[in-house]
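K.L.:
sequence and computational prediction follow.
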Protein chains: 4
Amino acid sequence: MSINTPVSQDRVAVHAMSGAASILADYASIRATTLRLVESLSAEDCAIQAMPEASPAKWHLAHSTWFFEAFVLAPNIVDYTPISETYLYLFNSYYNAMGRQFHRPHRGLLSRPSLDEVLDYRRAVDDRMTAFIESASDDVVRRVAPTIETGLNHEQQHQELILTDIKALFSANPLRPVYRAAPASSTQHAQNAAGDVRWIQFREGLREIGSTGDRFCYDNETPRHRIWVDAFALAERPVSNGEFAAFIADGGYERPEIWLSDGWNAVQRNAWTQPLYWEKSDGVWSQLTLAGMRRIDASEPVCHLSYYEADAFARWSGARLPTEAEWEIAAAASIAEGHQSLRGTLLEDERFHPAPCPAGVEGGVRLQRMIGDVWEWTSSAYAPYPGYQSPEGALGEYNAKFMCNQLVLRGGSCATPQSHIRETYRNYFAAEARWQFSGLRLARNG
Amino acid sequence: MSINTPVSQDRVAVHAMSGAASILADYASIRATTLRLVESLSAEDCAIQAMPEASPAKWHLAHSTWFFEAFVLAPNIVDYTPISETYLYLFNSYYNAMGRQFHRPHRGLLSRPSLDEVLDYRRAVDDRMTAFIESASDDVVRRVAPTIETGLNHEQQHQELILTDIKALFSANPLRPVYRAAPASSTQHAQNAAGDVRWIQFREGLREIGSTGDRFCYDNETPRHRIWVDAFALAERPVSNGEFAAFIADGGYERPEIWLSDGWNAVQRNAWTQPLYWEKSDGVWSQLTLAGMRRIDASEPVCHLSYYEADAFARWSGARLPTEAEWEIAAAASIAEGHQSLRGTLLEDERFHPAPCPAGVEGGVRLQRMIGDVWEWTSSAYAPYPGYQSPEGALGEYNAKFMCNQLVLRGGSCATPQSHIRETYRNYFAAEARWQFSGLRLARNG
Amino acid sequence: MSINTPVSQDRVAVHAMSGAASILADYASIRATTLRLVESLSAEDCAIQAMPEASPAKWHLAHSTWFFEAFVLAPNIVDYTPISETYLYLFNSYYNAMGRQFHRPHRGLLSRPSLDEVLDYRRAVDDRMTAFIESASDDVVRRVAPTIETGLNHEQQHQELILTDIKALFSANPLRPVYRAAPASSTQHAQNAAGDVRWIQFREGLREIGSTGDRFCYDNETPRHRIWVDAFALAERPVSNGEFAAFIADGGYERPEIWLSDGWNAVQRNAWTQPLYWEKSDGVWSQLTLAGMRRIDASEPVCHLSYYEADAFARWSGARLPTEAEWEIAAAASIAEGHQSLRGTLLEDERFHPAPCPAGVEGGVRLQRMIGDVWEWTSSAYAPYPGYQSPEGALGEYNAKFMCNQLVLRGGSCATPQSHIRETYRNYFAAEARWQFSGLRLARNG
Amino acid sequence: MSINTPVSQDRVAVHAMSGAASILADYASIRATTLRLVESLSAEDCAIQAMPEASPAKWHLAHSTWFFEAFVLAPNIVDYTPISETYLYLFNSYYNAMGRQFHRPHRGLLSRPSLDEVLDYRRAVDDRMTAFIESASDDVVRRVAPTIETGLNHEQQHQELILTDIKALFSANPLRPVYRAAPASSTQHAQNAAGDVRWIQFREGLREIGSTGDRFCYDNETPRHRIWVDAFALAERPVSNGEFAAFIADGGYERPEIWLSDGWNAVQRNAWTQPLYWEKSDGVWSQLTLAGMRRIDASEPVCHLSYYEADAFARWSGARLPTEAEWEIAAAASIAEGHQSLRGTLLEDERFHPAPCPAGVEGGVRLQRMIGDVWEWTSSAYAPYPGYQSPEGALGEYNAKFMCNQLVLRGGSCATPQSHIRETYRNYFAAEARWQFSGLRLARNG
């Protein structure tokens, strides 16, 4: 986000980095953040895979390191000797162009290498990266800088996944482990329901979305392109726990007519009766957080919803999900006007949970917290933008091959690093996924 | 299609029907067509379900009849006595608003009612429908006409499914049953490969797509709306068997880099090495048709492809699939210019198989055979149009609840009735489906 | 059974057959019985496969015919031309030595050959069999007689399966089809609970079980061999519906401690709360029979139990299942004493359902109805007898290869032909199977 | 085994223990052995579950401790406060009488409690057990001694499972972790094939099998009972790797006629072409051992076979598997004659792999290595002995409820503690299980 707000002031200016020093600083900073995220975890916590879609924290640590070895060191150093041939295979996620991959659902079977060995691997690659960049000519630096930048953004994605995957793991444990105790303040909330939602209007017109190219972006944000958008309105804030509890109380999970057909099948097959991590006891809803079990706060954004639940809620409430274009146009407009309210909770806040929305913001009705707190499901299937070209080489596998059977989410969550998110960012998950911090914001025709 | 071509000349003017006589004529005609399609089938052929996604022909016969009883007769006749309470349950497909439904994968377990009883049921409903319409006031006729029209279109959809489902059933039988022997002419083809494909250019601009409302359409074709489209080009004809055989010969099914990730998984999980119904023997490709096994004709449109295969072929050939908007804009333009070449093989031709494309058409390079022959996969996820409102009542379940995890196909096939298809028509299937007559036409950026 | 009872008086003396005339008579009689069993079924009823373990009636008709063509005609007629090469493949059940087999769960996909064609196939093989036997030398007749005898016994097994498989099919149909209306008498039963069970004592000793070889038997009944048996007692009659209803009422399906571990898993996985085909409505148990739904008769033997349910019931009642040796020793002793009470309902009674046990029999406490009514689960795993040798050739596949993961059932059922069953007969099914007429008789240590 | 051989000389005389001191010594010794087995494992190694049938080593450590807390401490100490209520639930394996159980396939999701916490739990229970026994009256000691003895035997079973489960885990890891390096001697083997097998004859007769009650045994070994056995012969030694390699080379895995039907299905479903842990490279067979990958030694007993493979091998070689009675009678006779050759490799040898059989033994043809090296599949289904009574209370769930769908294995393996195994011992696994050290010894009719 290119606005003069707390969001951007302290962000790592990844895209701007032009020289070795700048690259090294960003590299050191982002790599250190990853390590901080696993500080409170044991070797056992880091070894186990909660479910086939998740990965062990140890694997995230190793894979994000593998990226730099495989894409920066190996191709650019003559006669490069890998730190471990086996690691090149074990920690390749899905890049067919980089060789075979270890079977994904078996990532949790790797008790070896140990966490210590993986941390050694990280240090060894960090040392080699530092030495390589420091000794590289300006030409080489310019050539490898984009790949390093991609690698750092890639690592930030895995920072978020470390958090969501460890949450999934802890949720399977009757001991209810705590990842990080909540700060005192965050446990004193008012339990006040967020007030009635207010709507921001947007006019129809031929707009542009996609990255302007003045900063780092993924290939799937390009090219910036024109799109016609009818008039629409967007809710000022995400849907709250209180509102979702009303949906449940109104039989939301028992009424097929408000669900997509696939969604209703998922409800029945999985016996869903509430969002992931919610539990009811003595008539009171609690939810598992990374700080342990807590009574739900009605004013917090609801999260850990599948697309199906988000869609059903929207239909129940007489509204709909926004398209990703509507979402981006609204966010960009708010940024252009310098609204500070747009920023919500991000990784750096170390809350690791969405925060309650304020009852309102100064200066009138404004979009709040589109950045952070919860990823917002849009109604847009994940597809290439008009004119999209996937990159050459192995990195071309990064995004394009997933452009099917997924929905776009926008805005980042409380587990997303600040320098990683922007208004053009396109995240995507299958409609049934619930273990991300995923919620929704309502839209309606204007 | 509202153009002065063979396509429309003999079509049933369903939408125009304003009076009882017209309705009754259409009703009789379309219902009779359904019966003709099962004439050559035995009671056993009609009873069996080839796979969970398919239905027995007998079920199609009954369900399309149920539609009229449930949506026309029962709500409009005072103290209506159903022909069978059990049928109301057995032959409800997925309308939750109409009560419980018999478990879909068990449709093939219903040896009773017999085919004869189902045909009796059809006759009984036809009699009641005739009596009801004949005796109805003009007001009532006006009120029920749209539902009847929907019911007739619904029946036409099931006409196509009868054909594709019986093909699936016969394909499982080592006796290689023949549904309908091919006419002598259709087996004498030149085996000539279609020539190099030529492209038709379309300029960028703000266009409109969706039904204009001057004839019958499904709710999912509405509302007509503006959309910005960049310049693009569309191939004059669908991809041919010869071209697809070249893709196979070039290792198309063995190269993960040209497949979507889900597609590559499907290839491996299902051990796909060719289109559905293709078989190789002594180095020669044959394919199962409704007229039995035949050597493939290189100049025919390839069909029975999943979306994944269509997408991989497009990537392999350096092109892409069109969006549904591109497809419709191109088709509409061609219709506007009165091009007869647009029409391909339809149900009424009783070929039940795509026909070879001519080497060219008079009058220059023109779009050929967009209507009929093979449904053409587009890259568009099936989603509501901007401003879409699902209808009130049970019929609201008709289309809207499937708007997730499916891709749009356009243009109809050799199994689609002529009066059923139009340039705004949106068909949809999951990416892995192959048992429809589904092929593709290439597109590229203009 | 070699006793002077109705059981044996009218039985087909299969084993005794020494000449062509005798063979032809038995052949004609048994083949005709099969046809009578499908008389009331439509072609559709005969085409459908209720579940992977079951087969369509049409397949039974064809497969039992295939047996004679494959094992009698083809090997014994010079330059034999099969009636259909495809049938040889389609209707081979599991004889690897006879070539490939059509995938078992796909038997229900064969709408062709039609029922009429299969009946033609039966007639054609019957004609060839007749011509072959009539023209064969005595030597040839002697040589082929054992295979024909096996083929006729094999056909009798499929007679029983036709009944149990059609029952499974009809049970899936909400229309509740009736296979054969019950005779008037059989629907007027007293609903009287069978009285307290009485026990017959048997002394310990070294006994012999297995076929004595004086009549036809399957290979798995050989060799007759010694076995030590401790003293035991056997209930005079099978467990009744009334007793089983008491088990249910006492929480039988909810108490893991009385179930085998695999059994408890099956209860939970399948959500079993009553025997197969039982339904409760307004507090009253009914059950599906081949004559339609009926209120349960408390004095009838309970049937359609899995081994797990039989075992749990036995444990609940403080008893146990008998071993197959105990069962056979008891039955043989009763036969030796000429007890007529041993015979229960068999196929020829055309009741197709177990009959209520009388309150007692003349002449004191005696074993009742061990032959017929319900197959009785024993605690014996199906295994070869000591010294067992499987036959040479393809027929060696008949029994031996199934000697694992199955339990032995004894005594035949109401669907078993009279000439097919005997006290040494070993039937076997997996512990979870419920669609046979399977019940139990209690045993305890003596 | 009650013979005067190395097997018994150093065994823990568990059954004889009559006083507190003796109990405490056995307790300390066996508990210490368990800890030694995990000494070389990391916390990560101990946390992961290789497959649903296996458990993490940490779980074994905790569950075997839970046994003492749940069955000794809690019921015998007034107002007992559990060390952790959650542990009582988490570490209950399958005792329904002891409350709910944590879902077995999720044992590998428990990163907490940590290995250190589990070791603390072990120490805490050990301390309480010691204090309890030391302070208990003689009466109390006498009363609890049998449960403690069962608990120690139970722990020994889990010692074996720790080894087989960690082997399964390491086999999934491309890094090929070594559990314990092989001693130098054991890697220098002659690669000599074992010579032709010789047979030991046994006469027919009425025999007794089952525990005599003079030492500890499980309930499933009781009661000792009479059984008639025909004359038989038993091979002097287990089948060797060399012999099994010949079976493979002869197409053993490709010939359905030598397989049980379920076995052939398993071969095809699992694509089995060799024993578990075997790999072929450049025409040479290697196998994974707990000391890493090694070329196979032709003279070692083959192991990691399913029952199906053992049965197919026996049929291929013209022999059969022994019944468990034959096996026990032969072993008992050999023990009675004081044959030292009976003992093979056991846990205490710390070889953790079967050892090659000697070419012969002094004193003529004798049974070799029935105790240890490999569990030997018998043809006997796991069933209660005649007159068997399952124990009262929760421990009654120990064995009886598994008496279905399993086959008996006899003799122990290289992973079985010496004091745990005896000639009457009945182990059991499903026919498809391969991850135990399971092999076979041939039998034939005498």
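P.N.:
Perfect, I can see it now. Residues are numbered from 1 along each chain as shown, chains lettered A, B, ... in the order given.

K.L.:
so which residues of the stretch 301-446 of chain A form helices?
P.N.:
Counting by DSSP state H, counting those that start in this stretch, the stretch 301-446 of chain A has helices at residues A:307-316, A:324-336.

K.L.:
so which of these gets nearest A:T147?
P.N.:
Of all the helices of the stretch 301-446 of chain A, helix A:324-336 sits nearest to A:T147, with 26.5 Å by Cβ to Cβ. Heads up, the C-betas are built off the backbone N, CA and C, glycines and all.

K.L.:
show residues contacting the closest one.
P.N.:
Applying Cβ atoms under 8 Å, 6 or more residues apart in numbering or on different chains, the contact partners of helix A:324-336 are A:1-3, A:200, A:202, A:207, A:209, A:227, A:229, A:232, A:234, A:322, A:341-342, A:366-367, A:370-371, A:376, A:378, A:380, A:408, A:410-411, A:423-424, A:426, A:441, A:443.

K.L.:
what segments of the stretch 101-250 of chain A are strands?
P.N.:
Along the stretch 101-250 of chain A, the stretches classed as strands by DSSP state E, counting those that start in this stretch are A:199-202, A:205-209, A:225-229, A:232-235.

K.L.:
and the last one, which strands flank it?
P.N.:
What that stands for is strand A:232-235. strand A:199-202 (antiparallel), strand A:443-445 (antiparallel) (DSSP bridges).

K.L.:
next, format those strands as TSV and append mean neighbour count.
P.N.:
Listed next are those as TSV, based on neighbours: other Cβ atoms under 10 Å in any protein chain shown:
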stretch	mean neighbour count
strand A:199-202	16
strand A:443-445	18
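
K.L.:
listing request: residues of the stretch 1-150 of chain A with sub-threshold pLDDT.
P.N.:
Applying pLDDT under 70 to the stretch 1-150 of chain A flags residues A:1-18.

K.L.:
the helices in it, which residues?
P.N.:
Using DSSP H, counting those that start in this stretch, helices in the stretch 1-150 of chain A cover A:6-9, A:20-38, A:43-47, A:57-68, A:74-76, A:85-90, A:115-135, A:138-171.

K.L.:
so how far is the fourth one from its chain's centroid?
P.N.:
Meaning helix A:57-68. Using Cα atoms, centre = their mean, to the nearest Å, the distance from the centre of helix A:57-68 to the centre of the chain it belongs to is 17 Å.

K.L.:
again with the second one
P.N.:
Taking Cα atoms, centre = their mean, the mean C-alpha location of helix A:20-38 is offset from the chain mean by 19 Å.

K.L.:
does chain D have contacts with stretch A:281-289?
P.N.:
No. Counting by Cβ under 8 Å from any Cβ of the partner chain, chain D is not contacted by stretch A:281-289; separation bottoms out at 14.1 Å.

K.L.:
if we can go back for a sec, would you turn the helices of the stretch 1-150 of chain A into TSV with distance to C:A70 and mean neighbour count?
P.N.:
As requested, the helices of the stretch 1-150 of chain A are exported to TSV (distance: least, Cβ to Cβ, whole Å; neighbours: other Cβ atoms under 10 Å in any protein chain shown):
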stretch	distance to C:A70	mean neighbour count
helix A:6-9	79	16
helix A:20-38	67	17
helix A:43-47	57	26
helix A:57-68	56	26
helix A:74-76	63	13
helix A:85-90	52	17
helix A:115-135	62	17
helix A:138-171	56	20
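
K.L.:
CSV for those, including distance to C:P183?
P.N.:
Shown next, in CSV, are the helices of the stretch 1-150 of chain A (distance: least, Cβ to Cβ, whole Å):
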stretch, distance to C:P183
helix A:6-9, 85
helix A:20-38, 77
helix A:43-47, 69
helix A:57-68, 70
helix A:74-76, 84
helix A:85-90, 72
helix A:115-135, 76
helix A:138-171, 61
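
K.L.:
got a markdown table for those, with distance to chain D too?
P.N.:
Converted to a markdown table, these look like this (distance: least, Cβ to the nearest Cβ, whole Å):
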| stretch | distance to chain D |
| --- | --- |
| helix A:6-9 | 34 |
| helix A:20-38 | 12 |
| helix A:43-47 | 4 |
| helix A:57-68 | 8 |
| helix A:74-76 | 19 |
| helix A:85-90 | 6 |
| helix A:115-135 | 7 |
| helix A:138-171 | 6 |
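
K.L.:
how about A:I30: what's its closest non-neighbour residue?
P.N.:
Leaving aside its chain neighbours, A:I30 sits nearest to A:L152 (4.8 Å; criterion: Cβ to Cβ, 6 or more residues apart in numbering or on different chains).

K.L.:
what do you get for A:S42?
P.N.:
Nearest non-adjacent residue to A:S42, counting by Cβ to Cβ, 6+ apart: D:S114, 5.6 Å away.

K.L.:
from what I can see that neighbour touches D:S42, true?
P.N.:
No. Here D:S114 does not reach D:S42: they are 11.7 Å apart, not a contact under Cβ atoms under 8 Å.

K.L.:
and the residue of chain A found nearest chain C, how far from A:L260?
P.N.:
Here chain A gets closest to chain C at one residue, A:A271, 13.1 Å apart by Cβ to the nearest Cβ. Distance, A:A271 to A:L260, by Cβ to Cβ, to the nearest Å: 18 Å.

K.L.:
so between the two, which is more surrounded?
P.N.:
Neighbours per residue, other Cβ atoms under 10 Å in any protein chain shown: of A:A271 and A:L260, the larger number sits with A:L260, 21 against 8.

K.L.:
tell me who's in contact with that one.
P.N.:
Listed by Cβ under 8 Å, 6+ apart, the contact set of A:L260 reads A:308, A:311-312, A:431, B:401-404.

K.L.:
and for A:N173?
P.N.:
Contacts for A:N173 (Cβ under 8 Å, 6+ apart) come out as D:109-112.

K.L.:
mind redoing it with 6 Å?
P.N.:
The contact partners of A:N173, taken as Cβ atoms under 6 Å, 6 or more residues apart in numbering or on different chains, are D:110, D:112.

K.L.:
how close does it sit to D:A172?
P.N.:
Distance from A:N173 to D:A172, counting by Cβ to Cβ: 23 Å.

K.L.:
now A:E243
P.N.:
For A:E243, the distance to D:A172 equals 45 Å [Cβ to Cβ].

K.L.:
could you do A:A21 as well?
P.N.:
Separation of A:A21 from D:A172 (Cβ to Cβ): 44 Å.

K.L.:
next one: phi and psi at A:R294?
P.N.:
A:R294 adopts backbone torsions of phi -150, psi 150, taken as degrees, to the nearest 10.

K.L.:
for the residue of chain A closest to chain C, list the residues it contacts.
P.N.:
No contacts exist for A:A271 under Cβ under 6 Å, 6+ apart.

K.L.:
and the stretch 201-350 of chain A, which residues reach chain B?
P.N.:
Counting by Cβ under 6 Å from any Cβ of the partner chain, the stretch 201-350 of chain A comes close to chain B at A:226-228, A:230, A:256, A:260-262.

K.L.:
can we see that at 7 Å?
P.N.:
Within reach of chain B by Cβ under 7 Å from any Cβ of the partner chain, the stretch 201-350 of chain A has these residues: A:206, A:226-228, A:230, A:256-257, A:260-262.

K.L.:
for ChimeraX, what selects the buried ones among those?
P.N.:
The following ChimeraX line selects those of these that are buried, judged by 16 or more other Cβ atoms under 10 Å in any protein chain shown:
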select /A:227,228,230,256,260,261,262
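
K.L.:
tabulate the residues of the stretch 201-350 of chain A next to chain B (a markdown table), appending pLDDT.
P.N.:
Output for these, formatted as a markdown table (pLDDT from 0 to 100):
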| residue | pLDDT |
| --- | --- |
| A:L206 | 98 |
| A:R226 | 98 |
| A:I227 | 98 |
| A:W228 | 98 |
| A:D230 | 98 |
| A:P256 | 94 |
| A:E257 | 92 |
| A:L260 | 96 |
| A:S261 | 95 |
| A:D262 | 97 |
